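Colleague: Structure of the sequence below:
(one chain, ligands or ions: 1)
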Amino acid sequence: MAPRRREQIESGQDITFSKVFVPFYRSLVLGMRCNSIIEVGCGTGHLAKEFSQIAERVYALEPSVGMHSIAADVLRDSRVTLVHNSVEQYQATEQFDCAVSHLCAQAVTDLSAFLKGCTGLLNSNGQLIFSIPHPCFWNDYQRYFNSQGFDYTVEQFTVATLTISLDRESQMTEIPFNHRPLSRYVEVISQCGFAVDRFHEIFPTADVQSLYPKPWERPHFCVFQSNRRR
Ligand SMILES: C[S@@+](CC[C@H](N)C(=O)[O-])C[C@H]1O[C@@H](n2cnc3c(N)ncnc32)[C@H](O)[C@@H]1O
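Modeller: Okay, the predicted model is just below:
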C-alpha cells in the first residue's frame, strides 16, 4: 500500500492531500509561528517534508515498516528526523510547539493512549492538531457501515476499503477504521488536560471542487486544534 500511496501523492492524483490539506496545514502552522513540529503517523512523509519548509525542527513518527521505508526515502535529503515508532512507545527527549496527526486517530484502537502520547510530546504552550474523517458525514460518503449497522452515537469498528476519486483502480483494503461520535473526541482531549480551541470542517474551495469528478456535498474531514487547559 505504501508505494501506491506515494505514487498517488506525487502524481497529484490525491487532490485532497495536495490541494486541500497541504494548503490548510501550511496556513495553520504558519499562523502559529511554531519552531518545532512533530508529526505523528507520518505515512509516506510528504506532509512532514512540507513542515520542514516552515519550522526549524521537524520530527516524524511512523510505526509501519512499509510506510517508514517509503518515508525514509521521501525524507532522505530533508531536515526531518524520522523515527520508526508509535507515539505510545516513543520516549521523547525533546518537546515540541506543535504535534500534528493527519488521519491517524480513526485508525487507533486506544484513542486515550494515542492522544496522551501526542500531548505528552508538547511543551507548555504546545498545540495538538489532528484530523479525522468527519464522523457526521463520512459514512454517507464512503458507506463503511451499512445503514442498518450504523449508529452515529455508538463507537464502532470496521476494516474498510478506501479508494480516491482519481485512482478508482487502486483499492486500499484492510484499513482499520473506528467510528466515534465527535463528543468522544472532545471527551478524550479533555482527559488529556487539553481543550478544543478551534474545530475546522474541511471543505474545498470552488476552484478545487472543480478538479473532482464529483464535487463534495459535505465536509469529508474535520480537524481538532487544541491547547492545554489553563
Ligand atoms: C491512514 S494512515 C495516514 C498516514 C499519513 N498521515 C497520510 O495522511 O497519508 C494512518 C497512519 O497512522 C500510523 N499509525 C497508526 N497507529 C499509530 C500510532 N499509535 N502512533 C503513530 N502512528 C500510528 C499508521 O502506521 C499509518 O501510517
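Colleague: Could you list the low-confidence segments of the chain?
Modeller: Per-residue confidence of the chain (counting by pLDDT under 70) places the weak regions at 164-171.
Colleague: any idea where the strands of it begin and end?
Modeller: With DSSP state E applied, the chain shows strands at 36-40, 57-61, 81-83, 96-102, 122-133, 156-164, 167-179, 194-202, 221-228, listed in chain order.
Colleague: Any chance of TSV for those strands, columns mean neighbour count and distance to the ligand?
Modeller: Where C-beta positions appear, they are placed from N, C-alpha and C, glycine not excepted. Supplementary listing: the strands of the chain in TSV, determined by neighbours: other C-beta atoms under 10 Å; distance: least, C-beta to the nearest ligand atom, whole Å:
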stretch	mean neighbour count	distance to the ligand
strand 36-40	27	5
strand 57-61	24	5
strand 81-83	18	10
strand 96-102	24	4
strand 122-133	20	8
strand 156-164	14	8
strand 167-179	14	7
strand 194-202	15	13
strand 221-228	20	10
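Colleague: what sits against the most centrally placed residue in the chain?
Modeller: The structure's the chain has its C-alpha centroid closest to residue 102; by C-alpha atoms, centre = their mean the separation is 1.0 Å. Residue 102 makes contacts with 21, 25, 39, 41, 43, 47, 130-131, as judged by C-beta atoms under 8 Å, 6 or more residues apart in numbering.
Colleague: Kind regards, and thank you for your time.
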